[in-house]
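# give me a 3D structure for the following:
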Amino acid sequence: MSYTRIKTINGKSYKYLVAGKRVDGVVQQKVVKYLGPVNPIYKIGKKRAKTNASVFIRPLTDREKVALQTEAKSSNAFTKDRAKIILLSSQRLFAKQIAEKINCKERKIRNAIKDFNKKGINALQRGKAKGATPKFDSVKKKMILMHFSQKPSKFSYHFTTWTLPRFRKHLINYKVVESISIETLRQILMKAGAKLERSKRWQYSPDKEFHKKNLQ
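Have a look, this model is predicted:
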């Protein structure tokens, strides 16, 4: 024969399943199983509350329903998938159920639902990608300008002024940059206010009166 016994430990009550057996006229009791506290306290952990596994779409307006049904047939894969996710969520399906239906990850489902709750129909359009990291940071640009400020003769070149093709080749040869386009180089110099000097061209003539005529 078995029955439940309540035992108090440190002011808290706990339940145990106890079995009794008569041996030689004496009943011997043995704890068979621990059944837990008499008054259990259930706590929702921070992790469970944060994940919000049961996220659902907000109530849809009639206009939104029509738009979603149209976009669910879109040729754009991103828009079509999001429209389907929103429509399925409006049927109170869990993220896991929707993920199984359209064969994708649950995270994608939750992101789509949260975006729609925040942005509405605009959430069906993919956001603009973040701009690419500039190839030449401020330090690299300062090095480029520092080289440009020097005369070509300092680097043992036979020419006296820089041109964009010459300066580009110089930067690559001196390992200042691995590669750079002429247009990018032009933009860096222009934004810094640097200007290319024009090479001086000398004209000569066998005419003995050349210098006098040139001064007129």
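# strands of this structure, start to end?
Under the criterion DSSP state E, strands of the chain are mapped to 2-9, 12-23, 26-37.
# next, the angle strand 12-23 makes with the shortest one.
Translated: strand 2-9. Per axes from the mean of the first three to the mean of the last three C-alpha atoms, to 10 degrees, the angle that strand 2-9 makes with strand 12-23 is 140 degrees.
# same for strand 2-9, what does it pack against?
strand 12-23, strand 26-37 (3 or more C-beta pairs under 8 Å, 6 or more residues apart in numbering; DSSP states H and E). For the C-beta atoms, the positions are set from N, CA and C on the backbone; glycine is no exception.
# and of those strands, who's closest to residue 165?
strand 26-37 (82.5 Å; C-beta to C-beta).
# follow-up on the earlier one: looking at the helices and strands packed on strand 2-9, which one is packed in the most?
strand 12-23 (a mean of 12; mean count of other C-beta atoms under 10 Å).
# okay, now the sheet partners of that strand, with direction.
strand 2-9 (antiparallel), strand 26-37 (antiparallel) (DSSP bridges).
# show me the one of those strands that comes nearest residue 116.
Judging those by C-beta to C-beta, what sits closest to residue 116 is strand 26-37, at 41.9 Å.
# outside of that closest one, which residues touch it?
2, 4-5, 12-22 (C-beta atoms under 8 Å, 6 or more residues apart in numbering).
# would you put the C-alpha positions of it in PDB?
Provided in PDB are the C-alpha atoms of strand 26-37 (Å, rounded to 0.1, in the frame of the first residue of the first chain):
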ATOM      1  CA  VAL A  26       5.200  -4.500  11.800                       C
ATOM      2  CA  VAL A  27       4.500  -1.900   9.000                       C
ATOM      3  CA  GLN A  28       7.700  -0.700   7.400                       C
ATOM      4  CA  GLN A  29       7.600   2.500   5.400                       C
ATOM      5  CA  LYS A  30       9.800   3.400   2.500                       C
ATOM      6  CA  VAL A  31      10.000   6.600   0.300                       C
ATOM      7  CA  VAL A  32       9.300   5.600  -3.300                       C
ATOM      8  CA  LYS A  33       9.300   8.900  -5.100                       C
ATOM      9  CA  TYR A  34       9.700  12.600  -4.500                       C
ATOM     10  CA  LEU A  35       6.600  14.500  -5.700                       C
ATOM     11  CA  GLY A  36       7.800  18.100  -5.400                       C
ATOM     12  CA  PRO A  37       6.800  21.100  -3.200                       C
END
